[in-house]
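sequence first, then the predicted structure:
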Amino acid sequence: IIFTLDESISIVHYTLHMTISRQNISIIIVTFKSEKVIHQCIKSIPKDFKITIVDNSSDKNFKEKIEKIYQNVRCILSPENLGMGAGNNWGLKNIKTDFAFVINPDVILESDTIDEIIHASNNLDSFAIIAPISNNKNYPNYKLQQTQNFNSERPFEVISVDGYAMVLNIKRLKEFNEFNNENYFDENFFMYLENDDLCKTLIKLNQNIYIIPKSRINHLGGKAVDLKYEYEIEMSRNWHWIWSKFYFNKKHYGYFAALKNGFQTFISSLVKFFFYFFISKRKKDIYLHRMLGFLNAIIGKSSYFRPKIKD
């Protein structure tokens, strides 16, 4: 077979300009005690898309029920509570498509959310991550540089997107040594900032990240876990937010920058801990967990803290 120069260029361009199709994208959802909210999420996804759930609570009953109700859903039980980053990595290793739509269980898609993503991908020369836009304008799910602009009609470049809804170009990411073990998210993060870390790495690699403004989602926010576990989850969030923030800054800017950035929060938490000691047990515990997260981070301990949940 002999190709002309124009035909060869077209083939090369097609290889580089690989677009998303309904058959070449998988949905990944990491759950933890999410049975009360997950059904809204799944029902908002068209039935012809394959969904992989990684359940961090290792609930066999949940797996049986969810796979019985939904023919397009496969549920993988993790051996332990892996967190968001490691849970997503596990899901990504269990799919065969070139693209993965990673969403949280408290995300609800609109009827054309994925179709708009597919359509937009046809007009982008290259991307590492693209994401829908959140309906909540008060809490945008992206960060812009000063030189970047919001566009309500066309895809626009950003420096990061929130991890609760993002499409990863797996084929593109596999080209980089940073991801040659297929751990796209840094598993040192248990929760928080694993998405910012991935985006920052990709920006350093001169890769493009886009928001698709015509593709919209509704993020319920903080509803991924059954509310009866709210207290333990809230303590875990406060511990890990401070730990992850320190680790993120240490990784990208150095230890002393991380220490400087987090020290004021530590002192503020210490003052509030003593202030609320006899006034509010809940607030006292919140600030205690913030201090403990920071102290464990500065001495180099892993993000080991897990919510103490008993059924």
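Yep, that arrived. Here the structure is a predicted model, which is why all the values come from computation and not from measurement.

can you map out the strands along the stretch 201-311 of the chain?
Ranges of strands in the stretch 201-311 of the chain, per DSSP state E, counting those that start in this stretch, are 209-219.

an error on my part: the question was meant for the stretch 51-200 of the chain.
Going by DSSP E, counting those that start in this stretch, the stretch 51-200 of the chain shows strands at 51-55, 73-77, 99-103, 107-109, 129-134, 142-143, 156-157, 160-161, 165-169.

so which residues make contact with stretch 60-70?
Outside stretch 60-70, the residues that touch it by C-beta atoms under 8 Å, 6 or more residues apart in numbering are 31, 35, 38-39, 42, 51, 53, 55, 73-75, 77. For the C-beta atoms, the positions are set from N, CA and C on the backbone; glycine is no exception.

dump that stretch to CSV, keeping only the CA atoms.
C-alpha atoms of stretch 60-70 as CSV (Å, rounded to 0.1, in the frame of the first residue of the first chain):
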residue,chain,number,x,y,z
LYS,A,60,-20.6,-7.1,49.2
ASN,A,61,-24.3,-6.4,49.5
PHE,A,62,-23.9,-3.0,47.8
LYS,A,63,-22.0,-4.7,44.9
GLU,A,64,-24.7,-7.4,44.5
LYS,A,65,-27.6,-4.9,44.6
ILE,A,66,-26.0,-2.4,42.2
GLU,A,67,-25.0,-4.9,39.6
LYS,A,68,-28.4,-6.5,39.8
ILE,A,69,-30.2,-3.2,39.2
TYR,A,70,-27.9,-1.8,36.5
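
contacting residues for P105?
Contacts of P105 by C-beta under 8 Å, 6+ apart are 29-31, 34, 37-38, 41, 224.

ok, and the most crowded of those residues?
Within the contacts of P105, V30 tops the neighbour count with 29 neighbours, counted by other C-beta atoms under 10 Å.

how much space separates that one from P132?
Separation of V30 from P132 (C-beta to C-beta, to the nearest Å): 18 Å.

pick out the most distant pair among the contacts of P105.
V30 and V37 (12.9 Å; C-beta to C-beta).

which residue, other than its chain neighbours, is closest to Y192?
S244 (4.1 Å; C-beta to C-beta, 6 or more residues apart in numbering).

same question for D48.
Closest to D48 by C-beta to C-beta, 6+ apart is R22, at 6.3 Å.

tell me if I'm right that the one you found and I45 touch.
No - applying C-beta atoms under 8 Å as the test, R22 and I45 come out as separate, 11.6 Å apart.

so what sits against both of the two?
I114.

pick out whichever of those two has more residues nearby.
Set R22 next to I45 and count neighbours by other C-beta under 10 Å: I45 wins out with 22 against 11.

which among the contacts of stretch 60-70 gets closest to Y231?
For the contacts of stretch 60-70, the minimum distance to Y231 (C-beta to C-beta) is 18.7 Å, reached by E35.

returning to that earlier point: reformat the contacts of P105 as CSV; add distance to A297 and secondary structure.
Formatted as CSV, those follow (distance: C-beta to C-beta, whole Å; DSSP: H, G, I helix; E, B strand; the rest coil):
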residue, distance to A297, secondary structure
I29, 28, strand
V30, 23, strand
T31, 27, strand
S34, 27, coil
V37, 30, helix
I38, 31, helix
C41, 32, helix
A224, 24, coil
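
I'd like those residues as CSV, with pLDDT and distance to Q145 appended.
Formatted as CSV, those follow (pLDDT from 0 to 100; distance: C-beta to C-beta, whole Å):
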residue, pLDDT, distance to Q145
I29, 97, 30
V30, 97, 29
T31, 95, 33
S34, 92, 34
V37, 93, 34
I38, 95, 35
C41, 96, 31
A224, 86, 29
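
with that, I have no additional questions.
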